[in-house]
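In: return atomic coordinates for the entry below.
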Amino acid sequence: MGNLISLEWLELSSNELVGKIPTQLTSLGSLAVLNLSQNQLIGLIPLGKQFNTFGNDSYVGNLGSCGFPLSKRCDDTEASVFHEEADFEFGSVWKATFMGYGSGLVLGISATNIMFTLGRPKWLVRMVEEASYELKRYLRGGRNL
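Out: The predicted structure follows:
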């Protein structure tokens with residue numbers, strides 16, 4: 001559900017939902033209306049982006065929920081565990097992103113170095129020229145590809 005970036009309205013009230021509110025929902029930047037009331041949700045309400053704008057009425061009837069904007073505060077241990085989990089998820093995503101960019105950069109620099117050292121790869125130039133020749137011939141009506 002966190003991938004629905006254009007979602008503007010999420011109405012899940014009175015659905016007997018159980019558990020914690022997923023932190024992935026905080027990535028829904030276009031979310032203008034949220035109603036999770038009258039369920040059995042527990043734990044700290046996630047903070048971030050649009051979640052900071054929703055009022056008490058979005059969470060009414062979830063007796064196990066706590067934290068902003070509700071008047072019921074979470075005990076320190078529950079809040080710290082929740083924030084540690086969020087930090088871990090955030091850190092993991094960035095680590096994977098940097099690993100991907102880093103390996104791509106290394107491969108790109110290595111390939112460029114090899115091409116400059118050995119000269120242009122003749123097999124690649126030949127393959128592109130042949131494909132271009134076949135395409136021109138096809139466009140003139142010479143034969144099918």
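In: residues in contact with the top strand by length along the chain?
Out: Ranked by residue count under DSSP state E, the longest strand found in the chain is strand 40-44. For strand 40-44, contacts defined as C-beta atoms under 8 Å, 6 or more residues apart in numbering pick out 16-21, 59, 62-67, 74, 78-79, 82. The way it works is simple: take the backbone N, C-alpha and C, and place the C-beta from them, glycine included.
In: what strands line up against that strand, and which way round?
Out: Sheet pairing of strand 40-44 (DSSP bridges) gives strand 18-20 (parallel), strand 64-66 (parallel).
In: what mean pLDDT would you report for the first one?
Out: Spelled out, it's strand 18-20. Averaged across strand 18-20, pLDDT comes to 88.
In: what's the answer for the last one, then?
Out: Over the span of strand 64-66, the pLDDT mean works out to 84.
In: how about residue 71, secondary structure?
Out: coil (DSSP: H, G, I helix; E, B strand; the rest coil).
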